[in-house]
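> structure for this input, please:
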Amino acid sequence: MSTKQTLSFQAEVAQLLHLVTHSLYSNQEIFLRELISNASDACDKLRFEGLNNSALFEDAPNLEVRVSFDKAAKTLTITDNGIGMSQQEAIDHLGTIAKSGTKDFMGKLSGDQKADAQLIGQFGVGFYSGFIVADKITVESRRAGLKAEEGVRWISGGTGDFEVETITRAARGTSIILHLRDDAEEYLNAWKLKQVIAKYSDHISLPILMEKEEWKEGELINPSDENGGRQPGGMVKTGEWETINKASALWTRPKKDITEEQYADFYKAISHDHEAPLTWAHNRVEGNTEYTQLLYIPAKAPFDLWNRDKKAGVKLYVKRVFIMDDAEALMPTYLRFVKGVIDSADLPLNVSRELLQESRDVRSIREGSTKRVLSMLEDLAKHDKHDTAAGADGVTDVVDADDKAKEGKYTAFYSEFGAVLKEGLGEDFGNRERLAKLLRFASTTSDAVTVGFADYKARMKEGQEAIYYITADTLAAAKNSPQLEVFKKKGIEVLLMTDRVDEWALNYLHEFDGTPLQSVAKGAVDLGKLQDEAEKKAAEEAAEAFKPVLAKLKEALKDKAEDVRVTTRLVDSPACLVVQDDGMSTQLARMLKQAGQQAPETKPVLEVNAEHALVKKLDGSVHFHDLAHILFDQALLAEGGLPEDPAAYVKRVNALLA
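Predicted coordinates:
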């Protein structure tokens, strides 16, 4: 006998339904994730109960989820053959929120659409997300083990009450029939449904089935006239069902069972990148914290790489359940280009972004994942160049095919992401040494950005006690800087650093493998053992003889220069600007001003070449004051700066040329 009753929702459910139907449109498609996830759970429960009672499987041992739609009726149906519900369970499960979670859940609702949408799934109330797209939901169910006549139908329009009645249902399990609103008709489309299921539910280990469709031409308008045109054609269902998900998450499968093409396809699906990744690592980590990581390094930088406020990070799953898209707490900011999946066995399913920041397990995953990415980069760097030249015995080294495939990849990676990697020097103290080994620069011996600190050290001259570098806006400005003259004369290599981040990053790196880093534009140049006694003596004598001119220069330039001294670094140029060892470089000060930030007012030191004809001309010149300012402004121009008063500079030069 069919019994029908109308019941009221628990107060909290009514409040929740109001929120769902009036607010949650920020990520509409999550309803499908939630309903498929619930269907999968129902099958898991049957599998568990069936361990002790195999009769519950009845005549359908294969568990599955089916998704179907009816355009004419405007319905979308999700059916599972899992544990199902009795009438009382339908009233309990669909009319109330479990008491333990109710208070907590209602206390967390904020009115923030995105946050609330995430909470829906976290608190096990995902069923109600169906009302995001439906103005009525019908649930038909029968619990495994009950008779066919003991089925239940539950109907609600998402307002204050719901109807329950007894029905006859031959199949065990549950069908959720969504009567879609007009603004949700896109979900009556096989392509759209497959896209959403691939995004959120590919990891579900059960097959998700949809009915196959094929194109059918429309009927002839005039059956006796082939050329008279046809009615519009359309997709028609064939009656055959196909599995549309992989039915096992890629990262949960053994590596040996996954092809390179499958890895690349998965990367493209999660990153929306049309290019294959540069490299990837797939590992299961066991110990105090258990998790699986599948991490990719892209081949090309995204256009918004430098937007540090953009949400970045890897996808987080907990026990194969998708939690969030951009779990930035799992990867440091300087590795924001890394894509991939981390699936934790230990984190709770209702993990929030706030909890991620505080969790000890998350810190462990972050450290492990950072180390894994650095290991991938170290491997690429190691195989970047191969010396396949024949040895003394005339035999050429055989290069492994895998190693051969990695050749040039690190150079390609560095040209896209090298500048971001440098941010790690200031952000990741624990891995600073590893990062320093991965950095590459151009130098006075190579325009290509391929010189590492280790390469540089291996080529250092006997007696050289520092790694010398210069920072500039462009490679040309660095290569032609007057500060390099003495280094070129003596054949000492200097690293040329032209990324905007270099100045900032090098504040955190003062030495490499025990050798100090020294900017050629800071402090007095002390070439130590590389300078012979005769050179030192000649420099001291020149400084002594030049003292009266220096005093006049200091007076003339007191508003512009902190000090004026005789240089040991210039060979061909008359003058250059340097800053004190602990001072901010003029390039960094310029960059800060360009970015609209306050830069401390620092005056540079003017170093003059006492042997240069223009400097010699100073002594006794009637144009001393103008020459002094021209000398300073030319030094400023040589390093990419601009005179404070360009018109005055031009006027002085013209007066001397006249």
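
> how about residue 605, what does it touch?
By CB atoms under 8 Å, 6 or more residues apart in numbering, the contact set of residue 605 is 561-565, 577-580. The C-beta positions use only the backbone N, C-alpha and C, and glycine is treated the same way.

> counting neighbours, which of these comes out on top?
Of all these, the most densely surrounded is residue 578 (27 neighbours; neighbours counted as other CB atoms under 10 Å).

> my read: that residue touches residue 483, true?
Yes. Using CB atoms under 8 Å, residue 578 is in contact with residue 483, at 7.1 Å.

> now do the shared contacts for those two.
Shared contacts of residue 578 and residue 483 (CB under 8 Å, 6+ apart): residue 521.

> closest to residue 46 out of the contacts of residue 605?
residue 579 (73.5 Å; CB to CB).

> now that closest one: phi and psi?
phi -120, psi 160 (degrees, to the nearest 10).

> okay, and the beta partners of it?
Beta-bridge partners for residue 579, by DSSP bridges, are residue 522.

> got a pLDDT number for it?
As predicted, residue 579 sits at a pLDDT of 80.

> any idea how far the residue lying closest to residue 623 once chain neighbours are set aside is from residue 607?
Nearest residue to residue 623, sequence neighbours excluded (CB to CB, 6 or more residues apart in numbering): residue 656, at 6.2 Å. Taking CB to CB, to the nearest Å as the measure, residue 656 falls 22 Å from residue 607.

> cool, and residue 422?
For residue 422, the distance to residue 607 (CB to CB) stands at 29 Å.

> can you list the buried residues in the top helix by length along the chain?
Counting residues, the longest helix found in the chain (DSSP state H) is helix 360-382. Neighbour-count burial for helix 360-382, counted by 16 or more other CB atoms under 10 Å, picks out 361-362, 364-366, 368-370, 372-374, 376-377, 379-381.

> what is the mean pLDDT for stretch 178-198?
pLDDT averaged over stretch 178-198 gives 93.

> measure it end to end?
Between the opening and closing residues of stretch 178-198 there is a gap of 20 Å (CA to CA, to the nearest Å).

> can you pull the buried residues of that stretch?
Using 16+ other CB under 10 Å as the test for burial, stretch 178-198 gives 178-180, 184, 187-188, 190, 193, 196-197.

> which pLDDT value goes with the closest residue to residue 370 other than its chain neighbours?
Of all residues not flanking residue 370 in the chain, residue 332 sits nearest, at 5.9 Å (CB to CB, 6+ apart). Per-residue pLDDT puts residue 332 at 91.

> residue 152 now?
For residue 152, the pLDDT comes out at 96.

> name the element it belongs to?
Assigned by DSSP states H and E, residue 152 belongs to strand 151-156.

> packing partners of that strand?
helix 87-95, strand 134-142, strand 161-167 (3 or more CB pairs under 8 Å, 6 or more residues apart in numbering; DSSP states H and E).

> ok so, going back, adding distance to residue 415, write the buried residues of stretch 178-198 out as CSV.
Output for the buried residues of stretch 178-198, formatted as CSV (distance: CB to CB, whole Å):
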residue, distance to residue 415
178, 50
179, 54
180, 49
184, 45
187, 43
188, 47
190, 42
193, 41
196, 37
197, 38
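
> hmm, which two among these are most spread apart?
179 and 197 (20.4 Å).

> excluding chain neighbours, what is closest to residue 258?
Of all residues not flanking residue 258 in the chain, residue 250 sits nearest, at 6.4 Å (CB to CB, 6+ apart).

> quick check: that neighbour vs residue 270, distance?
Applying CB to CB, the value for residue 250 to residue 270 is 10 Å.

> what's the closest of the contacts of residue 605 to residue 545?
residue 565 (13.7 Å).

> helices of the stretch 51-200 of the chain, start to end?
Using DSSP state H, counting those that start in this stretch, the helices of the stretch 51-200 of the chain run over residues 87-95, 99-108, 113-122, 190-200.

> contacts only, for residue 414.
With contacts defined as CB under 8 Å, 6+ apart, residue 414 is in contact with 421, 440, 449.

> ok but it is inside a strand, no?
No. Assessed with DSSP: H, G, I helix; E, B strand; the rest coil, residue 414 is helix; it does not lie in a strand.

> any chance you could map the helices in the stretch 551-658 of the chain?
Using DSSP H, counting those that start in this stretch, the helices of the stretch 551-658 of the chain run over residues 586-594, 613-618, 624-638, 646-657.

> just name the most buried of these.
Among those, ranked by average contacts under mean count of other CB atoms under 10 Å, first place goes to helix 624-638 (a mean of 20).

> for it, which helices and strands make contact with it?
With contacts taken as 3+ CB pairs under 8 Å, 6+ apart, helix 624-638 sits against helix 547-556, strand 575-578, strand 605-608, helix 613-618, helix 646-657.

> show me what the first one is packed up against.
Packing contacts for helix 547-556, counted by 3+ CB pairs under 8 Å, 6+ apart, involve strand 563-566, strand 605-608, helix 613-618, helix 624-638.

> tell me the strands beside the first one, with direction?
Each strand paired with strand 563-566, and its direction, by DSSP bridges: strand 605-608 (parallel).

> pretty sure residue 452 sits against residue 440.
Yes. Between residue 452 and residue 440 a contact is recorded at 5.6 Å, counting by CB under 8 Å.

> ok, those two, which is more surrounded?
Comparing residue 452 with residue 440 by other CB under 10 Å, the one with more neighbours is residue 440, at 22 against 18.

> columns distance to residue 134 and mean pLDDT on top of the helices and strands packed on helix 547-556, output as CSV?
As requested, the helices and strands packed on helix 547-556 are exported to CSV (distance: least, CB to CB, whole Å; pLDDT from 0 to 100):
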stretch, distance to residue 134, mean pLDDT
strand 563-566, 77, 85
strand 605-608, 74, 86
helix 613-618, 84, 84
helix 624-638, 70, 87
